[in-house]
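Novice: Got a predicted structure here, sequence first:
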Amino acid sequence: MTDAIIAEKLDELIRVTREAALGDRYLDAEGVAALLSYSYTYTRDNVVHQADFPRPLRMGDGHPRWLKSDVLKWAKGRAARRA
């Protein structure tokens, strides 16, 4: 395996583990990026700051989290407006 493939597999493992730890209900910015098929950087710098994007919840660690259902609803709404 190449280093790029190993890194990709590790990133996927980290994402899956993080989703499992959060019960697949709450997403951090990396989880939102994966769900929307955007890069983490683009999501962190642009997507989560859009006026119509769901407001984050602050968990015990202080990091923002978004309800997966809210993010999916937002994405479906944007897709419907583009159609």
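Specialist: Received the coordinates, thanks.
Novice: what about the residue nearest to the spatial centre of the chain, helix or strand, and which?
Specialist: By CA atoms, centre = their mean, the mean C-alpha position of the chain lies nearest to Val32, the distance being 1.0 Å. Secondary structure from DSSP states H and E places Val32 in helix 29-36.
Novice: tell me which strands and helices that helix is in contact with?
Specialist: helix 3-21, helix 40-45, helix 68-82 (3 or more CB pairs under 8 Å, 6 or more residues apart in numbering; DSSP states H and E). C-beta: built from backbone N, CA, C; applies to glycine.
Novice: Out of those, indicate the one that is most buried.
Specialist: Stretch with highest mean neighbour count among the helices and strands packed on helix 29-36: helix 40-45 (a mean of 14; mean count of other CB atoms under 10 Å).
Novice: so where's this structure uncertain?
Specialist: For the chain, the stretches flagged by pLDDT under 70 are 15-24.
Novice: Quick check: the residue nearest to the centre of the chain touching Val71?
Specialist: Yes - with contact defined as CB atoms under 8 Å, Val32 reaches Val71; the gap is 5.7 Å.
Novice: contacting residues around the residue nearest to the centre of the chain?
Specialist: Counting by CB atoms under 8 Å, 6 or more residues apart in numbering, Val32 makes contact with 38, 43, 47-48, 66, 71.
Novice: okay, those residues in a markdown table with distance to Asp11 next?
Specialist: Shown next, in a markdown table, are the contacts of Val32 (distance: CB to CB, whole Å):
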| residue | distance to Asp11 |
| --- | --- |
| Tyr38 | 14 |
| Thr43 | 14 |
| Val47 | 18 |
| Val48 | 19 |
| Trp66 | 20 |
| Val71 | 19 |
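Novice: which two from these end up farthest apart in space?
Specialist: Greatest spacing in these, by CB to CB: Tyr38 and Trp66 (13.3 Å).
Novice: And the two? Which one has more around it.
Specialist: Neighbour tally, Tyr38 and Trp66, criterion other CB atoms under 10 Å: the higher count belongs to Trp66, 21 against 14.
Novice: So that one is in contact with Glu30, correct?
Specialist: No - here Trp66 does not reach Glu30: they are 11.3 Å apart, not a contact under CB under 8 Å.
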